[in-house]
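Participant: Generate a structure from the sequence data that follows.
(one chain, ligands or ions: 2)
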Amino acid sequence: MHLITAKTRLSPNVTRLDVQAPRIAEIRRAGQFVIVRRGEGAERIPLTIADSDPAAGTITLVIQAVGKSTRDLVALEPGEAIRDIAGPLGHPTELITAGRALCIGGGVGTAVVHPIAQALARAGVNVTSIVGGRSREWVILEAELRRCGDVVVCTDDGSYGRKGFVTEAATDYLKSGRCDIVYAVGPVPMMRAVANLTRPLGVRTIVSLNPLMVDGTGMCGGCRVSVDGKALFACVDGPEFDGHRVDFDLLAERQTTYREFEQAAAARPDHDCRIGLGQR
Ligand code: NAD
Ligand code: FES
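Facilitator: Ligands and ions are numbered 1, 2, ... in the order given. Presented below is the predicted three-dimensional model:
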C-alpha cells in the first residue's frame, strides 16, 4: 500500500499526486516510469516518475484524467492509498553532460520532460525548456522547469506566453544557435513535428513514447512500437527512442486500438476500488 501524501490540481484535467514509495524514490532515474494499480482488479496504468524526494520517501505522479481508470486514480485523496506501484521501469534517459539541450513538453508531456530537464541541469548542461498548452490554464510545471534553466511558454490561443505551438518556438530556438540535443514529449503529432524539424538539422532528438501498456515487462506485446523498422517494446526497450527513427503513423494507429472499450468502461456505473483497498 502506498499512502498519498499530497494532491495538487495542475490543470483542468491534470493532477499531481505525491505518493509514498521509498525504494523507488531512492533509485529512480530520469525517463523511468511506474505501473500503478489503484486497487484489486483495477487497470494497470503506466505513469512517468515526474519527480521524487528520497528524504521523504515519495515519488511524484502527474496524471491526466482521460478515462475511467485515471479518473478513479485522481479521485483518491491524501491519506488514502494506492494498492500497487511497480517500478522503476524502462531505461533511464540518455543524458548529455555538457553543452546545450532543448526540452520540449506538450501539455501533460511536460511532466515527462521535467525529470529530464532536472537531470540535465544537475549535470551542468545549459537547458532551455519550451512548454505548451491549449491556453494558460493548461500549462503545467512552469515554475519547476524554471529551476532548471530558461523557459519559453506557448499557448495555442495566445492567452499566456507566446501564441502558437511549441514547434514554432522550437524553430526559432534552433535558428538562434547551437543545440546539442532535443528531448520532446507530448502528443504524437507534436513529437512527429519536432522530429521533422530537427532531422534536416542533424540534431539528435529523443522522444518518449506512451503506447498502451499492460504488464510493463516485455511479455504481453501491448506496447509494441516500430523504430528503424524493428519491432520493439516501449516498456523494456524504451520508453525513449531516437525520434528520427520512430514510426509515428503506427504509434498513432495503435493508440486508438481500445478506444471503444475505454468509452464503454467510462459509461459503466462506477465501482469503487476503495472497497477492495479497505477490505482485502
Ligand atoms: P494537447 O493536445 O493539449 O497539446 C499540447 C501542446 O502540444 C499544444 O499546446 C502544442 O503546443 C503542442 N502540439 C499539439 N499538437 C501539435 C502539432 N500537431 N504540432 C506541433 N505541436 C503540437 O496535449 P494534452 O492534451 O495535454 O496531451 C495529451 C496527449 O499527450 C495525449 O495524446 C497523450 O497520449 C500524450 N502524452 C504523451 C506522453 C508521452 O510519454 N509521449 C505522456 C503523456 C501524454
Ligand atoms: Fe507488455 Fe510492454 S507492456 S510488452
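Participant: Test of understanding: give the bridge partners of residue 185.
Facilitator: Beta-bridge partners for residue 185, by DSSP bridges, are residue 105.
Participant: tell me the phi and psi of the residue in the stretch 51-200 of the chain that ligand 2 sits nearest to?
Facilitator: When scored by C-beta to the nearest ligand atom, the stretch 51-200 of the chain has residue 89 as its residue closest to ligand 2, at 9.1 Å. No exception for glycine: its C-beta is placed from N, CA and C like everyone else's. Here is the backbone geometry of residue 89 (degrees, to the nearest 10): phi -110, psi 160.
Participant: Hmm, residue 33 and it touching each other?
Facilitator: Yes. In this structure, residue 89 is within contact of residue 33 by C-beta atoms under 8 Å, at 5.4 Å.
Participant: Find residues that contact each of these two.
Facilitator: Here residue 89 and residue 33 have 46, 216 as joint contacts, going by C-beta atoms under 8 Å, 6 or more residues apart in numbering.
Participant: neighbour count winner among the two?
Facilitator: Taking neighbours as other C-beta atoms under 10 Å, residue 89 and residue 33 compare with residue 33 leading, 26 against 19.
Participant: re the thing from before, would you quantify the distance from the residue of the stretch 51-200 of the chain closest to ligand 2 to residue 78?
Facilitator: 25 Å (C-beta to C-beta, to the nearest Å).
Participant: Can you pull the poorly scored residue ranges out of the stretch 151-280 of the chain?
Facilitator: For the stretch 151-280 of the chain, applying pLDDT under 70 flags the ranges 257-280.
Participant: one step back: would you state the predicted confidence (pLDDT) at the residue of the stretch 51-200 of the chain closest to ligand 2?
Facilitator: At residue 89, the pLDDT value in this model is 96.
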